[in-house]
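>>> Give the three-dimensional model of this entry:
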Amino acid sequence: MKLRTHTLGCKVNQYETQYLREGLHSIGYTDALTDEAADLCVVNTCTVTGEGDSKSRQVIRRLARDNPAAKIVVMGCYATRAPDEVKALPNVTEVLTDKRELPDLLGRFGVTDMPTGINGFGGRHRAYVKVQDGCLLRCSFCIIPHVRPKLTSRPMQHIVDEVERLVAVGYREVVLTGIHLGHYGVDFNRLKPKSEWTRLAHLLARLCELPGEFRVRLSSIEATEITRELLDVMASVPQKICPHLHISMQSGSDSVLRRMRRRWGSRRFINRCNMFKDRLDRPAITTDIIVGFPGETDEEFRETIDVAREVGFSKIHIFPFSARRGTPAATLSDQIPKPVKQRRGQQLAEVEKELRHRYFESLCGEPLQVLVESPIEAIGETGEPKYVGTSCRYTPVELSANPDQQGRFVSVIAGQVTEGRIQAAD
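Numbers count the residues shown, from 1 in each chain. A predicted model of the protein is given here:
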């Protein structure tokens, strides 16, 4: 039986697709080659934006056209939000509206030995590990709490066993991810005294006790969840934990943050970033920013740029506001014209480029642990092999390496910055 999967959206979706693939492989399914028709197609959808819905439908229709005899199973956030729309698409035989039912789905296909985690992550050099699901926040622009509302944390031992397996088969970087990563353990703690709580810091500390050459990176986290306890763990095991956090800001304007229904103002965000920078040596801070939120004035946009400069982000993911049907922000007056959003996005991109270059240059002469990833064209008269990898500080690094170093760590000294990459010093 031939299987074809397609994943749209976030790291959590990518993990869940891998979990399903491994379960189906265990009962004899094999991945269809490019020119082979599949017997079963699985589409893991995204609904963060209307474009995500549209792309999900396009993928389903294309798979139905290219694999006319295949059954198509659809899961993910779009399937949860609009199951009737999905059921009406060609060849769709099942719509999974709750990711907690993944084991039930595997059971219906005949899987009896239910996996508690994954054993690999395809051809990637880093593995994503989902540790929790669900979000209780109600940011006015976000649909995700409506489709993943229930907080569910995985048992710590399942995560530890999974990371141990991944390291044993050669993965050198594990990225902990979740819908609301900083709320790991919150569902465990509701009936416990505070002295017995389990939080993200405890999980991180436990993973760092595992033997082997690997590092752990945290995916997106909220500013209020950057606690002294978490930073103490990160600082205590620098060889195992990447000095990098992706702290979602969305806006640097207090008035916009209130309209977004975020939980803090810009000063509190800056203070948490400073606490992180004070505790670790030149850590990388990346973020998300929405430009053109309804009612955003030129002054409010300038406030965002001012905060970005004050924090000194090493990378900014820029999103022009997209009204998401079903969210309060979609009904707000004063929607910003598209040309204004585009102009502000371009302005912020210039600021991002400047800050990114400045951060990269601040690392010049410093040692970096680089995970060697992709080969690039040979450079220079010697024609020596060149690779690009990712450093512990989430900076792209260009270095000389040989093929057997791909997927492994190499220690280099950061040199000059060219074309958005740090060059390893000779």
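>>> quick one: average confidence on stretch 229-243?
Mean per-residue pLDDT for stretch 229-243: 96.
>>> What separation do you get for residue 239 and residue 230?
17 Å (CB to CB, to the nearest Å). For the C-beta atoms, the positions are set from N, CA and C on the backbone; glycine is no exception.
>>> try residue 373
Residue 373 is 27 Å from residue 230, by CB to CB.
>>> Between those two, which has more neighbouring residues?
residue 230 (23 against 18; other CB atoms under 10 Å).
>>> Low-confidence regions, the protein specifically.
378-383 (pLDDT under 70).
>>> Helices of that one, residue ranges please.
11-25, 50-66, 77-81, 83-87, 102-109, 144-147, 156-168, 186-189, 200-208, 228-236, 254-260, 266-279, 298-311, 338-362 (DSSP state H).
>>> would you turn these into CSV with distance to residue 407?
Shown next, in CSV, are the helices of the chain (distance: least, CB to CB, whole Å):
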stretch, distance to residue 407
helix 11-25, 17
helix 50-66, 29
helix 77-81, 31
helix 83-87, 37
helix 102-109, 28
helix 144-147, 32
helix 156-168, 12
helix 186-189, 34
helix 200-208, 20
helix 228-236, 24
helix 254-260, 40
helix 266-279, 29
helix 298-311, 33
helix 338-362, 24
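>>> out of those helices, which comes closest to residue 317?
helix 338-362 (9.0 Å; CB to CB).
>>> thought residue 414 was touching residue 421?
No - using CB atoms under 8 Å, residue 414 is not in contact with residue 421; the gap is 10.5 Å.
>>> Return every residue with contacts to both of those two.
395, 397 (CB atoms under 8 Å, 6 or more residues apart in numbering).
>>> More neighbours: which of the two?
residue 414 (23 against 17).
>>> who are the neighbours in contact with the more buried one?
Counted by CB under 8 Å, 6+ apart, residue 414 has contacts 360, 363-368, 391, 395, 397, 422, 424-425.
>>> Of those, which count as buried by neighbour count?
Among those, those buried by neighbour count (16 or more other CB atoms under 10 Å) are 360, 363, 368, 391, 395, 397, 422, 424.
>>> For the closest residue to residue 241 other than its chain neighbours, the count of nearby residues, please.
Spatially, and ignoring its direct neighbours in sequence, residue 241 is nearest to residue 234 (4.8 Å; CB to CB, 6 or more residues apart in numbering). Neighbour count for residue 234, taken as other CB under 10 Å: 26.
>>> Repeat that for the one 5 residues further on.
The number of residues packed near residue 239 is 10, by other CB under 10 Å.
>>> do you know how far it is from residue 176?
Taken as CB to CB, the span from residue 239 to residue 176 is 17 Å.
>>> With residue 3 instead?
With distances taken as CB to CB, residue 3 is found 27 Å from residue 176.
>>> Looking at those two, which one has more neighbours?
For residue 3 versus residue 176, neighbours defined as other CB under 10 Å are more numerous around residue 176 (23 against 19).
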